[in-house]
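Participant: what's the 3D shape of this:
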Amino acid sequence: MSLLLSMIQETTATVDIAAEVEKINGDMGMLWMLLAGILVFFMQAGFFLVESGMTDSKNAVNIAMKNFLDIAVGSLAFWFVGYSLMYGSDAFMGVFHWSGFTFSQGAADLFFQTVFAATAATIVSGAIAGRTKYTTYAIFSIVMTAIIYPIAGGWEWNGGWLNNTDGIMPAEFIDFAGSSIVHSVGGWAALVAAWMVGPRIGKYLDGKPVEMHGHNQMYATLGVFILWLGWFGFNGGSQLAWGGDDAIAASQVVLVTNLAASAGAIAALVFTWIKNGKPNLGMTLNGALAGLVSITAGCGNMTESGSVLAGLIGGILVVLSIGFIEKTLKIDDAVGAISVHGVAGAWGTLAIGLWGVDGDTGIGIFNGGGAAQLGAQAIGVVAYAVWAIVLSFVFLYIIKTIFGGLRVTEEEEIQGLDISEHGSIAYPGKRVREIE
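Facilitator: Numbers count the residues shown, from 1 in each chain. Now for the predicted structure:
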């Protein structure tokens, strides 16, 4: 009898210990997710510094106002309707989800997903800086965080049609932290917006682009450092846990993220050095961001060497893409947002189909996985591009029609949006740079 009681007590103790361990792991995961969300929130400061530093000083207040708008209005819009469209339990063919207003599965998850939504909207801001009505941007920011981004996110992160291998998908689409879902959607929306708004005054002379230097490269550099730091939360937090037996450890995700960013920066630095004879700070900064975007989709499905290769190619692609969009397409992207987020995002998504891994198993065409994963990645890339381009055009056209245009007047643009749109300036006294 005493032996039986002893065995029962030992079994009870074991169960209690296991329950406590599970509870602690859950609390640790929740804590990491919350801290990661705070890091991503801080990225808004990085975006502001990059955008303002790479553009004219007379628009710095306008850029600050846009970034505050993104997080404030985006938080409310995503809480009120966006989260429902992304994670709702009711679904139509895996394309459209819904569960009612202010639907949430938990505070930590809602907060974490909210700051992602704000990031997607902020990408558009940089591309159209210096000539866009604040009203136009405010309305489109709401549309991005409440409709365009959330619906697209549900296709992958809520078991949507991109994960349905019984349909057109040859394999489940993979986008661990959002190279396509967040960055490409924002990048392609920026492409449409920049095309519809048109180039800044003085950007093109006789059809040739004129380099318009930003007013403070130190701001831009500090902004990239902040974004680099925030990306550890962006990618590492997307594990939605700290680790576990069946999960990629967040530390591994952070490691490959850092390697890809470093590789992207070095690739852009060396490439522009060889091409132009001097290392270029602006392109090096964009190279680091391109490396970060390039690994965002595959940070849970990429080896260290694979992440370095993805970052290296992303850093070169962003330099080539910025030149192509500016010179060939004649689209004025003030900070290179289309290339950094749209092009590098598409590349990072496709890279999984080339040398991605699932644990110790290769799933890319170059490491024994066959073509199925690459096919799935390509379908996802095209789907997100079409969705973002079409929806952005439709909503911007509606905004343009209702509000009499997307752009400020020529006089207001020359004067600067700080004064014309907000009645204020960032630097009292002599301007850093004036347009005559």
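Participant: Quick check, residue 311 in contact with residue 257.
Facilitator: No. Using Cβ atoms under 8 Å, residue 311 is not in contact with residue 257, being 9.4 Å away. C-beta: built from backbone N, CA, C; applies to glycine.
Participant: Looking at these two, which is more packed in?
Facilitator: residue 311 (35 against 26; other Cβ atoms under 10 Å).
Participant: Show me what the helix or strand encompassing the more buried one is packed up against.
Facilitator: Per DSSP states H and E, residue 311 falls inside helix 304-323. Applying 3 or more Cβ pairs under 8 Å, 6 or more residues apart in numbering; DSSP states H and E, we find helix 304-323 packed against helix 250-276, helix 281-296, helix 344-355.
Participant: re earlier: common neighbours of residue 311 and residue 257, please.
Facilitator: When contacts are counted by Cβ atoms under 8 Å, 6 or more residues apart in numbering, residue 311 and residue 257 have residue 295 as shared neighbours.
Participant: residue ranges with poor pLDDT in the chain?
Facilitator: 1-15, 243-247, 429-436 (pLDDT under 70).
Participant: pull the longest helix from it.
Facilitator: Longest helix of the chain, by residue count under DSSP state H: helix 2-53.
Participant: can you give me the angle whichever helix or strand comes after that one makes with helix 2-53?
Facilitator: Next along the chain after helix 2-53, taking DSSP H and E as the criterion, comes helix 60-77. Going by axes from the mean of the first three to the mean of the last three Cα atoms, to 10 degrees, helix 60-77 is angled at 150 degrees with respect to helix 2-53.
Participant: Now helix 60-77: buried residues?
Facilitator: 60-67, 69-71, 73-75, 77 (16 or more other Cβ atoms under 10 Å).
Participant: cool, stretch 235-252 as well?
Facilitator: Buried residues in stretch 235-252 (16+ other Cβ under 10 Å): 235, 236, 237, 238, 239, 240, 241, 242, 243, 248, 250, 252.
Participant: As CSV, the residues you listed with distance to residue 221 and secondary structure would be great.
Facilitator: What follows is the buried residues of stretch 235-252, written out as CSV (distance: Cβ to Cβ, whole Å; DSSP: H, G, I helix; E, B strand; the rest coil):
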residue, distance to residue 221, secondary structure
235, 22, helix
236, 23, helix
237, 25, helix
238, 26, helix
239, 29, helix
240, 32, coil
241, 33, coil
242, 31, coil
243, 33, coil
248, 31, coil
250, 27, helix
252, 28, helix
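Participant: so can I have TSV of those showing distance to residue 334?
Facilitator: Below are these laid out as TSV (distance: Cβ to Cβ, whole Å):
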residue	distance to residue 334
235	26
236	30
237	29
238	29
239	34
240	34
241	38
242	38
243	40
248	36
250	34
252	36
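Participant: before we move on, back to that, and the helices and strands packed on helix 304-323, which is most packed in?
Facilitator: helix 281-296 (a mean of 30; mean count of other Cβ atoms under 10 Å).
Participant: then that helix to CSV, C-alphas only?
Facilitator: C-alpha atoms of helix 281-296 as CSV (Å, rounded to 0.1, in the frame of the first residue of the first chain):
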residue,chain,number,x,y,z
LEU,A,281,26.1,55.8,-47.9
GLY,A,282,22.5,56.0,-49.1
MET,A,283,22.8,52.8,-51.2
THR,A,284,24.6,51.0,-48.4
LEU,A,285,21.8,51.9,-46.0
ASN,A,286,19.2,50.7,-48.5
GLY,A,287,21.3,47.5,-49.0
ALA,A,288,21.1,46.7,-45.3
LEU,A,289,17.3,47.2,-45.4
ALA,A,290,17.0,45.1,-48.5
GLY,A,291,19.0,42.3,-46.8
LEU,A,292,16.5,42.5,-43.9
VAL,A,293,13.5,42.3,-46.2
SER,A,294,15.1,39.5,-48.2
ILE,A,295,15.3,37.2,-45.1
THR,A,296,12.0,38.1,-43.6
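Participant: if we can go back for a sec, could you dump the helices and strands packed on helix 304-323 to JSON lines with distance to residue 97?
Facilitator: Converted to JSON lines, these look like this (distance: least, Cβ to Cβ, whole Å):
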{"stretch": "helix 250-276", "distance to residue 97": "26"}
{"stretch": "helix 281-296", "distance to residue 97": "22"}
{"stretch": "helix 344-355", "distance to residue 97": "21"}
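Participant: Out of those helices, flag the one nearest residue 177.
Facilitator: Each of the helices and strands packed on helix 304-323 was scored for nearness to residue 177 using Cβ to Cβ, and the closest is helix 281-296 (4.6 Å).
Participant: What is the distance between the closest one and the centre of its chain?
Facilitator: When C-alpha coordinates are averaged (Cα atoms, centre = their mean, to the nearest Å), helix 281-296 and its chain have centres 12 Å apart.
Participant: quick one: that helix to helix 304-323, angle?
Facilitator: Taking the same axes, to 10 degrees, one finds helix 281-296 and helix 304-323 inclined to each other by 130 degrees.
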